[in-house]
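K.L.:
Structure for this input, please:
(chains A and B)
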There are 2 protein chains.
Amino acid sequence: MDTVERHRHYRSASQVTIFAHLFGILSIILMLVWLLHYRGGMNLDSDNAYRVFNVHPFLMFFGFIFMAGEAMMAYKIVRADHEVQKFVHMFFHLAAIVLGIVGLHATFKYHDMSGFKDMTSFHSWIGMGTFCLFILQFLYGFSMFMLPRTSMETRARSLVWHVSGGRALLYMAICAAETGLMQKVTFLRLPYENEHHLVNFLALAILLFGVSVDISVGIGRHI
Amino acid sequence: MDTVERHRHYRSASQVTIFAHLFGILSIILMLVWLLHYRGGMNLDSDNAYRVFNVHPFLMFFGFIFMAGEAMMAYKIVRADHEVQKFVHMFFHLAAIVLGIVGLHATFKYHDMSGFKDMTSFHSWIGMGTFCLFILQFLYGFSMFMLPRTSMETRARSLVWHVSGGRALLYMAICAAETGLMQKVTFLRLPYENEHHLVNFLALAILLFGVSVDISVGIGRHI
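P.N.:
Below you'll find the model as predicted:
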């Protein structure tokens, strides 16, 4: 691939990140409208179990998926040295882990308050599996690419797996989000009115966030 | 990347396709046990609306997602000329479209028989959106890579988008499958017993099929 072609793909990848930001921000707005207007708000310390639960979808998207997606695009959106880009990539993933843990805590607390069993749905299986693998991927990435002890050859060899594994984890996290929303909307037996439409658009925006992050990484990999 | 490294990645990609086949076949088996043993079987011409519906999940996985996934791996699993690999890639995608149309017909027929409104859930939005984009991607791929009129430069330039778009579509199709299963399992309010466990493992197997196909393509792209 010649230099013009590489430049063209790099520009395309950067343009796709703009869609990713837009779908990400749209998802956050729709999520907030849904939780604050239709679902009674969110509060981790509330006596109302539903308000405790509502922290879960918000933090799993805004805290975990959005942060991780932005981290994946750091090499396209941060105009700085490679070392700075790497640090931003690592830092946003770390933030995703911390906020994700609070988000997971919220749903376990809700189950406790409501007397529900934990980990029964495949939403919970996919979500928990993804989160655990995500932490392993973070530790692997940190030891391989942040610590100075690994050689450039080893890094180059691991990069293919790090990138493919990261893209697969994003895709698993989006599946977890979509199944979570579907579980909630079907469990509530929402009539096909305003709230139902809102959640449909929220699910679509989250999916398109994942697609745009994935494509921006895919296009960029050919540089 | 040197020749040894390329060879190593090609071998890894081929090994990942084995997992993809296994998860794909496991999904088909679990799906059949679910539909035939727990859900009363499937028959497109039945007077029983549920048996008509059951054709939908089976064909959307076996007919659409499994066929398309196998097609995506054709360049790794078919040991033949590039032209033969391309033909297999195209042919399995065509089969996916034909079987997918029958699978979609089944759910519309079920809605008609049961008096349900069409296209209300975001499962249906994601599924229909994915299927329509899949047909466009097929037509684009066919005209770009099968017809002799396009130059090698144009093909090379389009390939990046064709591959990234195809991977994104696989991932959207998996999301459609997962949300469909979640909708069904939550709507039925299945107790946390055998059938519930079976569907959980089915959802997990389908997800891991998608992940392995995606990773085998991702690893292979670096060759």
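K.L.:
close to chain B, is whichever helix in chain A runs longest?
P.N.:
Ranked by number of residues, the top helix in chain A under DSSP state H is helix A:152-187. Yes. For helix A:152-187, a contact with chain B is found by CB under 8 Å from any CB of the partner chain, at A:156-157, A:160-161, A:163-165, A:167-168, A:171-172, A:174-175, A:178-179, A:181-183, A:185-187. All C-beta atoms are positioned from the backbone trio N, CA, C, and that covers glycine.
K.L.:
May I see the ChimeraX selection of the buried members of these?
P.N.:
Buried residues within the residues of helix A:152-187 next to chain B, by 16 or more other CB atoms under 10 Å in any protein chain shown, are selected in ChimeraX with:
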select /A:157,160,161,163,164,165,167,168,171,172,174,175,178,179,181,182,183,185,186
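K.L.:
Need phi/psi at A:Arg79.
P.N.:
Phi and psi for A:Arg79, reported as degrees, to the nearest 10, are phi -90, psi 80.
K.L.:
and it, how far is that from B:Val52?
P.N.:
Relative to B:Val52, A:Arg79 is positioned 56 Å away (CB to CB, to the nearest Å).
K.L.:
Looking at the two, which one has more neighbours?
P.N.:
B:Val52 (24 against 8; other CB atoms under 10 Å in any protein chain shown).
K.L.:
correct me, but the more buried one touches B:Asn43?
P.N.:
Yes. Taking CB atoms under 8 Å as the definition, B:Val52 is a contact partner of B:Asn43 at 6.9 Å.
K.L.:
secondary structure element for A:Ala20?
P.N.:
Here A:Ala20 sits within helix A:3-32, counting by DSSP states H and E.
K.L.:
Do any residues in that helix lie close to chain B?
P.N.:
Yes. Helix A:3-32 reaches chain B (CB under 8 Å from any CB) through A:Glu5, A:Arg8, A:His9.
K.L.:
could you give me the average pLDDT of that helix?
P.N.:
Helix A:3-32 carries an average pLDDT of 92.
K.L.:
mind checking how far that helix is from the chain centre?
P.N.:
Counting by CA atoms, centre = their mean, to the nearest Å, helix A:3-32 is centred 15 Å from the centre of its parent chain.
K.L.:
Which residues does the helix or strand that it is followed by contact?
P.N.:
Next helix or strand after helix A:3-32 toward the C-terminus (DSSP H and E): helix A:49-58. For helix A:49-58, contacts defined as CB atoms under 8 Å, 6 or more residues apart in numbering or on different chains pick out A:31-32, A:35, A:39-46, A:102-104, A:106-107, A:109-110, A:113-114, A:177, A:180-181, A:184.
K.L.:
For the residues of helix A:3-32 next to chain B, give me TSV that also has neighbour count and distance to A:Phe58.
P.N.:
Conversion of the residues of helix A:3-32 next to chain B to TSV gives the following (neighbours: other CB atoms under 10 Å in any protein chain shown; distance: CB to CB, whole Å):
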residue	neighbour count	distance to A:Phe58
A:Glu5	15	42
A:Arg8	16	38
A:His9	20	35
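K.L.:
possible to save these as CSV with distance to A:Leu139?
P.N.:
Below are the residues of helix A:3-32 next to chain B laid out as CSV (distance: CB to CB, whole Å):
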residue, distance to A:Leu139
A:Glu5, 36
A:Arg8, 36
A:His9, 31
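K.L.:
what separates A:Phe64 from A:Met73, distance-wise?
P.N.:
Distance check for A:Phe64 against A:Met73: by CB to CB, it reads 15 Å.
K.L.:
I misspoke; the intended subject was A:Asn194.
P.N.:
According to CB to CB, A:Asn194 stands 33 Å off from A:Met73.
K.L.:
Over to A:Ala176?
P.N.:
Distance, A:Ala176 to A:Met73, using CB to CB: 20 Å.
K.L.:
No more questions from me, cheers.
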